[in-house]
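>>> sharing a model that was predicted from the sequence below.
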Amino acid sequence: MASFEDASQNFLTWLTKCGAEISPKISLQDLREEHAGRGVVATQDIAEDELLFRIPRSAILCVENSILSTELPKTTFDSLGPWLSLILVMLYEYQNHGASNWSPYFDVLPTDFNTLMFWSEDELAHLQASAVVSKIGRAGADASFANDLVPVIREFADVFFSGDMHADEKAAAMSSPENMQLMHKMGSLIMAYAFDVEPAVPPTRAVDEDGYASEDEDEALPKGMVPLADMLNADADRNNARLFYEESSLSMKALAPIPAGDQIFNDYGALPRSDLLRRYGYITDNYAPYDVVEIPHALVLDTITTTAISPQLTPSAAEEREAYLSEHPGLTESGYDITRLDPSTPLAESLPELTLLTKTLLLPASEFARLASKGKLPRLEVADAQHAKLLLEIVRRRKAQYATTLEQDLSNPPAGGEGERRREQAWRVRVGEKEILRDVEAALEGVVKGFDDAAAATGEKRSGEEVENDGEEGKRRRVR
Ligand SMILES: C[S@@+](CC[C@H](N)C(=O)[O-])C[C@H]1O[C@@H](n2cnc3c(N)ncnc32)[C@H](O)[C@@H]1O
């Protein structure tokens with residue numbers, strides 16, 4: 001087996017033979033000491049817009065380029081969808097190893113992952129109540145491998161294991177735990193490495209009778225593994241390069257001047273650290289500003305129907321309002337994100353869906369009827385003391401779902417070191433979520449106090465007026 005360095009060199013040689021153009025100002029480097037695998041680094045100063053490399057479309061590992069797409073009916077790929085189709089093709093190319101055009105590429109792709117899919121139950125437990133745990137989707141993936149992918153491999157065993165007299169047995173063995181694990185690895189590679197490949201020629205957009213183009217095309221973009229483009233790491237706002245889709249090739253270009261010695265970073269998106277860990281298996285503190293804490297929908301409903309704060313909401317009224325809210329995107333999801341508070345923006349903007357949902361649920365019946373008749377939503381702001389108290393109660397109940405408090409976590413950080421890596425990553429994720437809950441709790445306490453103080457002042461004013469009007473009676477009331 002080639003060494004790490006040899007595998008990198010073989011890969012670059014293969015890619016050049018495939019027709020790629022690679023700038024002499026970059027190199028593929030070993031960043032394992034930083035737990036970052038391989039990464040692309042500038043070896044000389046690079047100017048803004050400068051080409052870093054150009055990959056021909058024919059080198060992309062995708063359904064279209066694999067021989068399998070000529071051997072299996074198109075309807076099979078259509079029914080599998082982009083994700084499972086690419087897993088199928090990757091399995092085919094991977095098990096064909098030496099004979100596959102992409103063999104040197106597979107040699108630089110990882111076989112071990114740190115993504116949450118590969119964490120043990122004990123390791124996941126350190127994430128405590130983070131909503132990310134429910135998003136790993138191992139059972140769903142297992143089911144679609146077993147029910148959708150394996151039957152296709154069995155049906156086309158003679159193509160999949162072409163020339164192998166044990167093709168049928170091999171296809172049957174695809175349901176074994178080892179092969180399921182292999183499918184998870186391909187799925188994880190796609191999640192962390194694949195690009196949604198824009199077509200060579202933009203599709204002619206279907207236009208409806210009012211002249212509006214349909215927006216569905218983006219969702220249907222085929223996924224492809226783009227060699228070298230996927231060797232770029234990412235670190236939040238340190239993004240300095242981007243992939244441009246051209247007719248016969250894909251070009252990675254510098255977005256800013258890159259000094260020699262700097263790493264070249266792609267953009268994986270403004271992901272919270274929980275999601276970064278789930279999809280990419282790493283986190284850095286640069287992603288901390290994008291952290292979120294998710295409030296489950298069930299917790300909102302449970303709180304609103306069991307607390308004394310909102311006695312007016314009957315289950316049937318809640319149902320009616322939910323049905324109305326379901327017409328508005330984002331308001332009847334399985335959960336609602338709270339982002340980090342920004343002192344320069346109103347509190348409600350850090351919890352927009354949760355604010356709108358709870359505000360609508362609390363509206364007096366006549367107010368709700370008026371709003372619904374216009375198809376509108378309430379204004380995005382905390383309505384009154386009752387609304388603020390309800391939000392506060394939801395936040396406190398969410399906080400209580402974590403096994404330890406923020407203070408306990410902060411006073412007991414993981415020791416660090418090799419064996420502690422996942423524990424430490426989980427600790428950072430849950431600390432980030434608890435910081436958000438702490439800050440939003442404090443902000444809501446302030447809002448409740450503000451409403452209470454205003455009500456007290458109004459009450460005092462009223463009693464004051466009554467003093468003038470009612471004499472002794474008013475005074476007694478004010479003292480009480
Ligand atoms: C698209 S690949 C980038 C190439 C990858 N480093 C490799 O060696 O194959 C994405 C993976 O790179 C790693 N990665 C990306 N950015 C990173 C960073 N800033 N720090 C540590 N690891 C990173 C993660 O393992 C992630 O799943």
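Arrived safely, thanks for sending. Residues are numbered from 1 along each chain as shown.

>>> need the contact list for the residue in the chain that the ligand sits nearest to.
Closest residue of the chain to the ligand, Cβ to the nearest ligand atom: residue 37 (2.4 Å). Heads up, the C-betas are built off the backbone N, CA and C, glycines and all. Counting by Cβ atoms under 8 Å, 6 or more residues apart in numbering, residue 37 makes contact with 31, 110, 233.

>>> isn't residue 350 right next to residue 341, touching?
Yes: judged on Cβ atoms under 8 Å, residue 350 makes contact with residue 341 at a distance of 5.1 Å.

>>> which residues are common contacts for those two?
Common neighbours of residue 350 and residue 341 (Cβ under 8 Å, 6+ apart) are residue 440.

>>> which residues touch the closest residue to residue 136 other than its chain neighbours?
With Cβ to Cβ, 6 or more residues apart in numbering as the measure, residue 116 is the residue that lies nearest to residue 136, at 4.9 Å, once sequence neighbours are left out. Neighbouring residues of residue 116 by Cβ under 8 Å, 6+ apart: 124, 132-133, 136, 277-278, 281.

>>> just flag the most distant two among these.
Farthest-apart pair in the contacts of residue 116 is 133 and 281; separation 15.0 Å (Cβ to Cβ).

>>> please say which of those two ends up with more neighbours.
Remark: of residue 133 and residue 281, residue 281 carries more neighbours, 23 against 17, as counted by other Cβ atoms under 10 Å.

>>> ok but residue 295 is inside a strand, no?
Yes: looking at residue 295 with DSSP: H, G, I helix; E, B strand; the rest coil, it is inside a strand.

>>> any idea what it is bridged to?
Here residue 295 shows beta-bridge partners residue 336, assigned using DSSP bridges.

>>> that one reaches residue 396, doesn't it?
No: using Cβ under 8 Å, residue 295 is not in contact with residue 396, being 11.4 Å away.

>>> so the two - more neighbours on which side?
residue 295 (26 against 14).

>>> so which strand or helix has the spatially most central residue of the chain?
With distances taken as Cα atoms, centre = their mean, residue 275 lies nearest the centre of the chain, 4.6 Å away. Of the helices and strands defined by DSSP states H and E, residue 275 is found in helix 273-280.

>>> what does that helix rub up against?
Residues contacting helix 273-280 (Cβ under 8 Å, 6+ apart): 114-117, 127, 130-132, 135-136, 191-192, 234, 268, 271, 282-283, 287-288, 290-292, 425-426, 428-429, 432-433.

>>> find the nearest non-adjacent residue to residue 352, please.
Per Cβ to Cβ, 6+ apart, closest to residue 352 is residue 380, 5.8 Å.

>>> checking my notes, that neighbour in a helix, right?
No: counting by three-state DSSP, residue 380 is not found in a helix; it is coil.

>>> if I look at the residue nearest to residue 136, how far off is residue 32?
Residue 116 sits 21 Å away from residue 32, going by Cβ to Cβ, to the nearest Å.

>>> quick check: residues of the protein near the ligand?
35-39, 110, 192-193, 230-231, 233-235, 280-282, 284 (Cβ under 6 Å from any ligand atom).
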